[in-house]
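> No letters, just coordinates:
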């Protein structure tokens, strides 16, 4: 073997022992081969036996369209050494001085005596090579093979870890939350982060109709068509050339309570996608069913489990009592609605455990700032409702500003194990309303809620009066 060939293989060997990803591998292979002979491009494709597809390693492992010529090369290269300019060849053993003009060269990557992938090299015009170059490329491909197998295994392991983390996180939601309008969007966000190649929609059944819970909008009628094909016996429904998949959410007694839909704008759902979605949907159903059970148990309780404030049911009960007392005794009464600003960003950045810690921290500030006669409650999610008996609106404004400032200036501990940040600061928006004779508790609460909306709309971190 010539010194040039030995130098080439030595550079390849040095590259392959480095800890690099597949994109860096391909870029460096291009450089090394270009030092040996001029090429225009180099690509690596791997066959995915789970999905029966070919993936482009350089393009984030995307699935290659089945109309691509690379599929034919995979077939032609079996039992051959190369595909040269679209034709398959075995390397001649007796001819050493043969020269070939190359446009493209496909070299098989072998794993357990089977074609595992293909290295595609495209050449500049009128590039000529001899048989020794082809022999060198066979050795080169065998060197790359083991490195590529390790990279693929690492990618698969990463996906498996992310999948199990998603399963675990969905199961953990109900450790501190049981309200469906809070946990279902979280489930949707978790599924969306894991199934990145497809759009995710979560529906729950109400009055025999599928109602979208997450995200906020769905304008594709085909998704509803797929959902309406679900039955309690369905494993899943695939429509639109397998680009839409509907997966049933089942109750513990076998009733269809909702569905999760994955929609792709490009590729059909693969077998791997379907398997992951089936398991994640089952875990989501378990979480939703447990939340429903906990909700039924806790509907007669008065304290919110996460914040130790009054829960929503107790707030509504006390609202009725305080309205009646205000009417009977002609005493002033104010209602206060609070929302933590950009709370979703806290969850997305630091995780839901940190979000729960922030909720507890804000609740603690609320309790420490108010009088004993005031009635603070967690209304749901990141919203708090407070009743201020014997309080006129001007006094309520002073209380509101004091509370708003206390939250803004108080660092709150978070539970993000992956970050060096131990505390964060948040702000709140607030709406206030004073009871008007003859209005109902619902009307008072609605005016406070409208004032809260105005505070958020006009910039947040402020107090607005109805």
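Structure received. Everything numeric here is computed off the predicted structure, so don't read it as measured data.
> Reduced to three states, what does residue 187 come out as?
helix (DSSP: H, G, I helix; E, B strand; the rest coil).
> what does the model give it for pLDDT?
Per-residue confidence (pLDDT) for residue 187: 88.
> repeat for the one 4 residues further on
The score at residue 191 is 88. That number is its pLDDT.
> Surely it and residue 280 touch.
Yes. With contacts counted by C-beta atoms under 8 Å, residue 191 reaches residue 280, the gap being 5.9 Å. Where C-beta positions appear, they are placed from N, C-alpha and C, glycine not excepted.
> Give the residues shared as contacts by these two.
166, 260 (C-beta atoms under 8 Å, 6 or more residues apart in numbering).
> How about the contacts made by residue 465?
Contacts of residue 465 (C-beta under 8 Å, 6+ apart): 393, 397, 431-433, 451.
> what would those look like in TSV with secondary structure?
Formatted as TSV, the contacts of residue 465 follow (three-state DSSP):
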residue	secondary structure
393	helix
397	helix
431	strand
432	strand
433	strand
451	helix
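> Closest one to residue 144 out of the residues you listed, please.
For these, the minimum distance to residue 144 (C-beta to C-beta) is 63.4 Å, reached by residue 431.
> Quickly list what that closest one is bridged to.
residue 337, residue 464 (DSSP bridges).
> quick one: it from residue 316, how far?
17 Å (C-beta to C-beta, to the nearest Å).
> the more surrounded of those two?
More crowded of residue 431 and residue 316, by other C-beta atoms under 10 Å: residue 431, with 26 against 17.
> so residue 374 makes contact with residue 385?
No. The pair residue 374 / residue 385 is not scored as a contact, 11.3 Å apart, by C-beta under 8 Å.
> More neighbours: the two, which one.
Neighbour count, other C-beta under 10 Å: between residue 374 and residue 385, residue 385 has more, with 25 against 18.
> hmm, back to that, want to try a markdown table for the contacts of residue 465, with distance to residue 72 and pLDDT as columns?
Shown next, in a markdown table, are those (distance: C-beta to C-beta, whole Å; pLDDT from 0 to 100):
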| residue | distance to residue 72 | pLDDT |
| --- | --- | --- |
| 393 | 77 | 95 |
| 397 | 75 | 96 |
| 431 | 66 | 97 |
| 432 | 71 | 97 |
| 433 | 71 | 96 |
| 451 | 67 | 96 |
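> out of these, which are buried?
393, 397, 431-433, 451 (16 or more other C-beta atoms under 10 Å).
> So which of the residues you listed is the closest to residue 235?
Closest approach to residue 235 among the buried ones among the contacts of residue 465 (C-beta to C-beta): residue 431, at 47.1 Å.
> from memory the closest one sits against residue 449, does it?
Yes. The criterion here is C-beta under 8 Å, and residue 431 meets it with residue 449 at 6.2 Å.
> which residues are in contact with both of these two?
Residues within reach of residue 431 and of residue 449 at once, by C-beta under 8 Å, 6+ apart, are residue 337.
> Report the rounded mean pLDDT for stretch 252-269.
On average, stretch 252-269 scores 89.
> same question, stretch 64-77
pLDDT averaged over stretch 64-77 gives 88.
> What of stretch 228-239?
On average, stretch 228-239 scores 94.
> So which bits of that stretch are buried?
Buried residues in stretch 228-239 (16+ other C-beta under 10 Å): 230, 236-239.
> which residue is nearest the centroid of the chain?
residue 193 (1.0 Å; C-alpha atoms, centre = their mean).
> so where's the stretch 101-250 of the chain uncertain?
155-161, 174-178 (pLDDT under 70).
> longest strand in the chain, by residue count?
strand 114-130 (DSSP state E).
> by contact count, what packs against the very next helix or strand once past that one?
Per DSSP states H and E, the first helix or strand lying C-terminal to strand 114-130 is helix 131-172. The elements that helix 131-172 packs onto, with contact taken as 3 or more C-beta pairs under 8 Å, 6 or more residues apart in numbering; DSSP states H and E, are helix 3-16, helix 22-36, strand 39-48, strand 99-111, strand 114-130, helix 180-194, helix 271-298.
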